[in-house]
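Chemist: Let me see the structure of the following:
(one chain, ligands or ions: 1)
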Amino acid sequence: MPKITVRKGDAIAAEFSASPDQRLTLALVDNGIDILHRCGGNAKCTTCRVTVHDGEPARMTVAEYDKLKDKDLLGDVRLSCQMLCEADMTVEPAHLLSDSGLDDAGSRPADDITPTPEWMDKP
Ligand code: FES
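Modeler: Numbers count the residues shown, from 1 in each chain. Next up, the predicted model:
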(Lines give C-alpha, C1' and ligand atoms only; values in the text may rest on other atoms or scores of the structure.)
Protein backbone atom coordinates (compact mmCIF):
# COMPACT_ATOMS: atom_id res chain seq x y z
CA MET A 1 0.00 0.00 0.00
CA PRO A 2 1.33 3.44 -0.86
CA LYS A 3 2.67 5.55 1.98
CA ILE A 4 1.38 9.10 2.24
CA THR A 5 3.48 11.60 4.15
CA VAL A 6 1.89 14.92 5.09
CA ARG A 7 4.09 17.90 5.79
CA LYS A 8 3.31 21.16 7.51
CA GLY A 9 6.29 23.37 6.83
CA ASP A 10 9.39 21.44 7.84
CA ALA A 11 7.44 19.15 10.19
CA ILE A 12 5.84 15.81 9.39
CA ALA A 13 2.15 16.18 10.30
CA ALA A 14 1.17 12.58 9.51
CA GLU A 15 2.26 9.40 7.80
CA PHE A 16 -0.14 6.67 6.81
CA SER A 17 -0.80 3.96 4.26
CA ALA A 18 -3.62 4.38 1.78
CA SER A 19 -5.36 2.21 -0.74
CA PRO A 20 -4.13 2.93 -4.29
CA ASP A 21 -7.69 3.58 -5.46
CA GLN A 22 -8.51 6.04 -2.69
CA ARG A 23 -8.92 9.74 -3.42
CA LEU A 24 -6.15 11.70 -1.77
CA THR A 25 -8.61 14.13 -0.16
CA LEU A 26 -10.46 11.28 1.53
CA ALA A 27 -7.23 9.61 2.65
CA LEU A 28 -6.15 12.87 4.24
CA VAL A 29 -9.52 13.50 5.92
CA ASP A 30 -9.77 9.92 7.18
CA ASN A 31 -6.32 10.21 8.72
CA GLY A 32 -7.07 13.35 10.69
CA ILE A 33 -5.91 16.05 8.27
CA ASP A 34 -8.56 18.79 8.18
CA ILE A 35 -7.93 19.81 4.58
CA LEU A 36 -10.58 22.02 3.02
CA HIS A 37 -12.68 20.58 0.20
CA ARG A 38 -15.32 23.24 -0.15
CA CYS A 39 -16.84 22.09 -3.44
CA GLY A 40 -17.19 18.50 -2.24
CA GLY A 41 -14.40 17.18 -4.45
CA ASN A 42 -15.63 18.35 -7.84
CA ALA A 43 -12.60 20.27 -9.17
CA LYS A 44 -14.36 23.60 -8.77
CA CYS A 45 -12.99 25.37 -5.68
CA THR A 46 -9.24 24.53 -5.48
CA THR A 47 -9.35 24.61 -1.65
CA CYS A 48 -8.17 20.98 -1.60
CA ARG A 49 -4.92 21.96 -3.29
CA VAL A 50 -1.67 20.41 -2.12
CA THR A 51 1.97 21.00 -2.85
CA VAL A 52 3.48 17.67 -3.84
CA HIS A 53 7.02 17.56 -2.47
CA ASP A 54 7.74 14.04 -3.67
CA GLY A 55 6.06 11.40 -5.79
CA GLU A 56 3.84 13.63 -7.91
CA PRO A 57 1.59 11.48 -10.12
CA ALA A 58 2.36 11.72 -13.82
CA ARG A 59 -1.27 11.90 -14.82
CA MET A 60 -4.10 14.27 -13.98
CA THR A 61 -7.76 14.55 -14.77
CA VAL A 62 -8.83 16.94 -17.48
CA ALA A 63 -11.05 18.64 -14.88
CA GLU A 64 -7.99 19.28 -12.69
CA TYR A 65 -5.96 20.54 -15.63
CA ASP A 66 -8.72 22.94 -16.70
CA LYS A 67 -9.23 24.32 -13.19
CA LEU A 68 -5.52 24.78 -12.42
CA LYS A 69 -4.95 26.45 -15.78
CA ASP A 70 -7.93 28.74 -15.22
CA LYS A 71 -6.59 29.78 -11.79
CA ASP A 72 -2.99 30.12 -13.04
CA LEU A 73 -1.90 27.37 -10.61
CA LEU A 74 -0.72 24.81 -13.14
CA GLY A 75 2.73 23.49 -12.21
CA ASP A 76 2.53 24.84 -8.65
CA VAL A 77 -0.04 22.66 -6.89
CA ARG A 78 -2.32 19.69 -7.45
CA LEU A 79 -5.97 19.17 -6.52
CA SER A 80 -6.12 16.36 -3.99
CA CYS A 81 -9.75 15.62 -4.89
CA GLN A 82 -8.61 14.69 -8.40
CA MET A 83 -5.74 12.45 -7.27
CA LEU A 84 -5.55 8.83 -6.24
CA CYS A 85 -3.07 7.45 -3.71
CA GLU A 86 -1.43 5.43 -6.46
CA ALA A 87 2.14 5.61 -5.14
CA ASP A 88 4.18 6.96 -2.24
CA MET A 89 3.74 10.71 -1.98
CA THR A 90 4.75 13.59 0.26
CA VAL A 91 2.19 16.37 0.19
CA GLU A 92 1.45 19.61 2.00
CA PRO A 93 -2.13 20.90 2.08
CA ALA A 94 -2.50 24.61 1.38
CA HIS A 95 -5.72 25.17 3.32
CA LEU A 96 -6.70 23.56 6.62
CA LEU A 97 -10.03 24.08 8.35
CA SER A 98 -8.25 24.85 11.62
CA ASP A 99 -6.42 27.76 9.98
CA SER A 100 -9.37 29.03 7.96
CA GLY A 101 -11.94 30.51 10.35
CA LEU A 102 -14.62 28.60 8.43
CA ASP A 103 -17.26 26.44 10.08
CA ASP A 104 -16.73 23.34 8.01
CA ALA A 105 -14.30 21.94 5.49
CA GLY A 106 -16.94 21.13 2.88
CA SER A 107 -19.21 18.21 2.22
CA ARG A 108 -17.54 14.82 2.07
CA PRO A 109 -16.43 13.96 -1.47
CA ALA A 110 -17.81 10.81 -3.09
CA ASP A 111 -15.65 7.71 -2.90
CA ASP A 112 -14.85 7.87 -6.62
CA ILE A 113 -13.38 10.86 -8.41
CA THR A 114 -15.99 13.35 -9.59
CA PRO A 115 -16.64 14.44 -12.24
CA THR A 116 -16.01 11.06 -13.92
CA PRO A 117 -12.30 11.30 -14.69
CA GLU A 118 -10.80 11.70 -18.12
CA TRP A 119 -7.07 11.14 -17.62
CA MET A 120 -4.27 12.97 -19.37
CA ASP A 121 -0.51 13.21 -18.91
CA LYS A 122 0.58 15.98 -16.57
CA PRO A 123 1.98 18.77 -18.77
S1 FES B 1 -11.44 21.44 -6.11
FE2 FES B 1 -12.97 21.63 -4.58
S3 FES B 1 -12.57 19.95 -3.30
FE4 FES B 1 -11.07 19.75 -4.84
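
Chemist: what's downstream of the biggest helix by length in the chain, the next helix or strand?
Modeler: In the chain, with assignment by DSSP state H, the single longest helix is helix 62-70. The C-terminal neighbour of helix 62-70 among helices and strands, as given by DSSP states H and E, is strand 78-79.

Chemist: which ones are touching the residue sitting nearest the centre point of the chain?
Modeler: With distances taken as C-alpha atoms, centre = their mean, the residue of the chain nearest its centroid is residue 80 (1.3 Å). Contact analysis of residue 80 by C-beta atoms under 8 Å, 6 or more residues apart in numbering lists 23-25, 28, 35, 37, 48-50, 91, 93. Placement of C-beta: from N, CA and C, glycine included.

Chemist: Please apply the same query to residue 12.
Modeler: By C-beta under 8 Å, 6+ apart, the contact set of residue 12 is 5-6.

Chemist: can you tell me the helix or strand for it?
Modeler: Going by DSSP H and E, residue 12 is in strand 11-17.

Chemist: so what strands line up beside that strand?
Modeler: strand 3-8 (antiparallel) (DSSP bridges).

Chemist: What lies in contact with the strand it pairs with?
Modeler: The contact list for strand 3-8 (C-beta under 8 Å, 6+ apart) reads 12-18, 24, 27-28, 31, 33, 53-54, 85, 88-93.
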